[in-house]
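> please find the sequence and the predicted model below.
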Amino acid sequence: MKTRINTARGLAAFSLAALPMAVQAENASAPKSDAVDFNPVVVTAALAPQTANESLSSVTVIDEATLRRQDPVSIPDLLRGQPGVDVSTNGSFGKVSSVYLRGTGSDSAVLLIDGIRLRSATSGSAAWQHLDPRMFDRAEIVRGPRGSLYGADAVGGVIQLFTPEGEEKGPQPRFSVGGGSFNTQRLSAGISGREGGTRYSFAGSHFNTDGQPIRRDGEDKGYDNTSTLARVAHGFDNGAELGVLALRARGNTEFDSFGTPANTDFVQQVAGIYGELPITDSWSSGLTLSEARDESENFTEASAFGPASTTIFDTQTRTVRWENTITVDAHELIAGAEYQNDSIADSDTGGGTYAEEERDNRAVFAQGLLDFSPLTLQASLRLDDNEAYGDEVTGSLAAGFALDDVHTLRANYGTAFKAPTFNQLYYPGFMNPELEPESSATGELGVRAQYNRWYWDLALYQSDIDNLIINVDTVGDGSVDTPQNVENARIRGAELSSGIELDAWTLQAALTYTDPENRDTGTRLTRRASQSFRLGVDREVGDWSLGGSLVAQNHRYEDTENKERLGGFGLVNLRAGWAFAPMWSARVTVENAFDKEYETSQNYINAGRAGFLSVHFGQ
């Protein structure tokens, strides 16, 4: 594996170094409509629209063109190998997945869907594996602490998924049908558009597969998911806007529970209503009411370990967020308040109920975006008052300096915290009520070069985390993991990314180094690779598009003592598309083309080679 990783390093260095030379032949013509935007507008990093080169944060945008080209089966597949992102899964197709931003825990990354936070209040993590990528047309990855804007858990950063808005005039229908390996069927349909001041988007999708074994010599583990989306917004003549959003995913996934067949019925849901009102020419105010649900009913068959059992985890997060934006010349002030209630609607854990099943959080926050071109500043501060763990103050300060029309330097410092979850504090048999909240401080230096059709971005950072929460095998047989605080943890890293549009070619590359260290023991944090490389290459040839992606990562460790090593791997994914008639296209994807067997979680193997064919109608 060492040879393969060294090869990947060399390929990464060559690819990234070659981009500046390639710009000499840059095509000066206007970008194609399906071209990747290498300087997109980002809203997650500062609660306000900024282009990527204006942002004082490390950001990655996966736009609609990239999503449609890659047509990934799952959100974890889409995120794997992106700058600063690592993914661990308990098998493929709807199995438990963890997303690590800059080496922090999976419950230290905030997931937003159109501004609404989605996670389980019991586990603290989002069920990334149950979100269908076809329901979204954009993803923003913001790396680095965002506690001063989004509150608890934004230690590693924030990932936001955006649903289609319906900007085109008149109804725009679309549908797709396809299938492939493991008896997989995949259907989706939708309609979106704009009539007068009303925008709308409605969609549905269904995914079903027999799956494949997630343990060696095991049985196939299936998965099905049916998702629906409704989004409507109306703009009034005075500039006000009122909108509603509802997204729901429901299905079943099969897995193993300590070698015993099991399956889970799940529901993932977000719903919200928002209103925006211009108070004056320079002051606008917005109010959002939202609810997110994470529900699961788990069935385990009888075995030598015990009788058949059923456990239920249903959690709700209700949020009221009031946000005000005041503009003064080139400067902008954002201030607001937020109320959040986490509750466990049903908590039949099989071992009793939770000692606490509800908690409230109240917060106020403010941010200043100051433009003294070529110097820009961003400062934010937030106070959270949580009934379970008291007051927490987080803040950040960032500065950017435009060296010229192309190069921008940035430096930022920010703090964040992560509250212990209901499972960590109250889950019968596994809890530790003495846990302290995590707190972190992160410093970062970065530089971005933004050209007409290409860019490169380099970031160096260090995060110091106090009271990091990790699971420790206190029994010694792997059956019981008890959460414990690590007094000191340090995460250092570097990220280099680049992309270019050159004639009919599109190249995107990312090279990530992460050193997530438990300073108390000197060991690496579990299930995190320290080196990652991703390369995507696509080419348009008439009515055809051809492309592929390489993702290579080095080894990781399953246990806190770093004795159980999981080998590194390299994955090659191939894709082709054919626009065979107006509005009609066909796509073929081959995932894991060289049939690599690999693990990112001990004893759970991921899918081997898989091919999929689909036919699409619509833009």
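Noted; the coordinates are in hand.

> pLDDT wise, what is residue 6 at?
At residue 6, the pLDDT value in this model is 47.

> I should have written residue 357 there, sorry.
So residue 357 comes in at 88 (pLDDT).

> could you do residue 314 as well?
So residue 314 comes in at 93 (pLDDT).

> what's the answer for residue 371, then?
So residue 371 comes in at 96 (pLDDT).

> next, count neighbours for it.
Residue 371 has 15 neighbouring residues, counting by other CB atoms under 10 Å. Quick note: C-beta positions are derived from backbone N, CA and C, even for glycine.

> name the nearest residue to it, sequence neighbours excluded.
residue 330 (3.9 Å; CB to CB, 6 or more residues apart in numbering).

> was I right to think that neighbour contacts residue 373?
Yes: shown here, residue 330 and residue 373 form a contact pair, counting by CB atoms under 8 Å, at 7.4 Å.

> who has more neighbours, the two?
Ranked by neighbour count (other CB under 10 Å), residue 330 and residue 373 place residue 330 first, with 11 against 8.

> distance-wise, check that one relative to residue 73.
Computed as CB to CB, to the nearest Å, the residue 330 to residue 73 distance reads 44 Å.

> what about the helices in the chain?
For the chain, helices defined by DSSP state H occupy the ranges 2-22, 64-70, 75-79, 147-150, 422-426.

> what average pLDDT does the third one get?
Right, helix 75-79. Mean predicted lDDT for helix 75-79 stands at 95.

> pull the residues that contact it.
62, 67, 70, 72, 85, 87, 89, 97, 99, 128-129, 131, 133, 139, 141, 159, 161, 591 (CB atoms under 8 Å, 6 or more residues apart in numbering).

> which ones are touching the residue nearest the centre of the chain?
Centroid-nearest residue in the chain, with CA atoms, centre = their mean: residue 159, separated by 4.1 Å. Each residue near residue 159 by CB under 8 Å, 6+ apart is listed here: 79, 99, 101, 109-112, 139-142.

> give me the subset of those residues lying in strands.
Counting by DSSP state E, the part of those found in strands is 99, 101, 109-112, 139-142.

> next, format those residues as JSON lines and append neighbour count.
Below are these laid out as JSON lines (neighbours: other CB atoms under 10 Å):
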{"residue": "99", "neighbour count": "27"}
{"residue": "101", "neighbour count": "26"}
{"residue": "109", "neighbour count": "29"}
{"residue": "110", "neighbour count": "27"}
{"residue": "111", "neighbour count": "22"}
{"residue": "112", "neighbour count": "22"}
{"residue": "139", "neighbour count": "22"}
{"residue": "140", "neighbour count": "22"}
{"residue": "141", "neighbour count": "24"}
{"residue": "142", "neighbour count": "30"}
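
> residue 564: which of those is nearest?
Minimum distance to residue 564 across the ones in strands among the contacts of residue 159 is 21.3 Å, recorded for residue 99 (CB to CB).

> would you agree the closest one is in contact with residue 129?
No: using CB under 8 Å, residue 99 is not in contact with residue 129; the gap is 9.9 Å.

> residue 62 versus residue 81, what's the distance?
When residue 81 is compared with residue 62 (using CB to CB), they lie 12 Å apart.

> quick one: buried residues of stretch 451-460?
Residues of stretch 451-460 classed as buried: 451, 453-459 (neighbour count, 16 or more other CB atoms under 10 Å).

> could I get those as a markdown table with pLDDT?
Shown next, in a markdown table, are the buried residues of stretch 451-460 (pLDDT from 0 to 100):
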| residue | pLDDT |
| --- | --- |
| 451 | 95 |
| 453 | 91 |
| 454 | 94 |
| 455 | 96 |
| 456 | 97 |
| 457 | 98 |
| 458 | 98 |
| 459 | 98 |
